[in-house]
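**Q** Could you look at this predicted model? Sequence included:
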Amino acid sequence: MEEAHQYSSNHKKELQNDYRCGCFYCEKIFSPVEITEWIEDSLGTALCPSCGIDSVIGEYSGFRITPMFLNAMYKYWFVPEYSNAEQIEVDDEVFDFREIRTEQDIDDLMTIYHGFHDSVIAAVSYRSGYAVGSDRSVDQYGNHNVSVIFHSQWDPRLVELCFENVRKIYINGLRENYMNIIDDATLCFCDITIGDEIMGEMTKHGILWADYSDFDISDLDQSAAEYDMTFILADSLKWRIIEDDN
Ligand SMILES: [Zn+2]
């Protein structure tokens, strides 16, 4: 609780690159883009868009922002008789992000989530990393990240994939007579060509997720058009289970 509190001030830069934050005074959960008022202390501290109190904490803190967590924080910081950290337990373990670094990491995710079989993409959220500051200058606050929430008919039901430094994303939108249920997804390491003729091209290691298998990985644009598929190409990937019914 003490550790978490330090993340609720001087956090403007981190919060603006975050996906989700919450207020541990009024216990509302919201997107950082809803924050409009900041205390201009050394690095900027958010005021809650709902209650106006400076008790906003984001997921960059490493704590998962859930109603349970916010309630535990509220009791610890605002209700005197609860101010004993040992009495409040926050079950965070199951929600930790796991990095995909090796083929074994890919196999583990594909095994745990059944190869994305019988799952759907429920939500996609994109952060470019850029923002226009109050002085109207463009600044880069963070990475180009895409977070994708999957729902599965199996367990675990909800999983989040967070792609870091996204190079290319192609989302297949609404189609008639099609449920968007994934049968067989692809998750593999691949080479990404970056740069251009003027700057010079170079190849780097990346990771590819696609809601289809058995396509030509060397020509993603053509494959996406040909097979009506969704894909995301990024420098790296981390993932976590959001909800496990077990
Ligand atoms: Zn609030």
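**A** Cool, got the structure. Note that this is a predicted model, so its numbers are computed, not measured.
**Q** For the one residue sitting closest to the centre of the chain, give its distance to the ion.
**A** The residue lying closest to the centre of the chain (Cα atoms, centre = their mean) is Ser147, at 3.8 Å. Ser147 sits 23 Å away from the ion, going by Cβ to the ion, to the nearest Å. All C-beta atoms are positioned from the backbone trio N, CA, C, and that covers glycine.
**Q** for that residue, what are its contacts?
**A** Listed by Cβ atoms under 8 Å, 6 or more residues apart in numbering, the contact set of Ser147 reads 19, 124-125, 127, 160-163.
**Q** of all the residues you listed, which comes closest to the ion?
**A** Nearest to the ion, judged by Cβ to the ion, of these is Tyr19 at 18.1 Å.
**Q** Apart from its chain neighbours, what residue comes closest to Asp118?
**A** Distances taken as Cβ to Cβ, 6 or more residues apart in numbering put Gln153 closest to Asp118, at 4.2 Å, once the chain neighbours are dropped.
**Q** And for that neighbour, the neighbour number?
**A** For Gln153, the tally of surrounding residues (other Cβ atoms under 10 Å) stands at 11.
**Q** shouldn't it be in contact with Phe116?
**A** No: shown here, Gln153 and Phe116 do not form a contact pair, counting by Cβ atoms under 8 Å, at 11.1 Å.
**Q** Is whatever helix or strand Leu70 lives in positioned near the ion?
**A** Following DSSP states H and E, one finds Leu70 within helix 67-78. No: applying Cβ under 5 Å from the ion, one finds helix 67-78 separated from the ion by no less than 9.3 Å.
**Q** so who does Tyr7 touch?
**A** By Cβ under 8 Å, 6+ apart, the contact set of Tyr7 is 14, 57-58, 60-61, 63.
**Q** can you check Gly52 too?
**A** Residues near Gly52 by Cβ under 8 Å, 6+ apart: Glu37.
**Q** ok, now how distant is it from Ser8?
**A** Gly52 sits 14 Å away from Ser8, going by Cβ to Cβ, to the nearest Å.
**Q** what's the neighbour count on Phe116?
**A** Residues lying near Phe116 (other Cβ under 10 Å) number 25.
**Q** Asn139: what's it in contact with?
**A** Wrong residue type there; residue 139 is Asp, not Asn. Taking Cβ under 8 Å, 6+ apart, we find Asp139 in contact with 130-133.
**Q** mind redoing it with 7 Å?
**A** Applying Cβ atoms under 7 Å, 6 or more residues apart in numbering, we find Asp139 in contact with 131, 133.
**Q** Look at it and report its pLDDT.
**A** pLDDT for Asp139: 79.
**Q** Helix, strand or coil: sort out it for me.
**A** Under DSSP: H, G, I helix; E, B strand; the rest coil, Asp139 falls in the strand class.
**Q** Looking at strand pairing, list the partners for it.
**A** Beta-bridge partners recorded for Asp139 (DSSP bridges): Ala131.
**Q** Begin at 18 from now on, thanks
**A** That works, and once the first residue is 18, the last one we named lands at Asp156.
**Q** before we move on, back to that, sort out for me which of the contacts of Tyr24 are in helices.
**A** Cross-referencing the contacts of Tyr24 against helices under DSSP state H gives Glu31.
**Q** need the contacts of Tyr24 in a markdown table with pLDDT and neighbour count, can you?
**A** Shown next, in a markdown table, are those (pLDDT from 0 to 100; neighbours: other Cβ atoms under 10 Å):
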| residue | pLDDT | neighbour count |
| --- | --- | --- |
| Glu31 | 87 | 19 |
| Ile74 | 94 | 25 |
| Gly75 | 92 | 24 |
| Tyr77 | 85 | 19 |
| Ser78 | 87 | 20 |
| Phe80 | 85 | 21 |
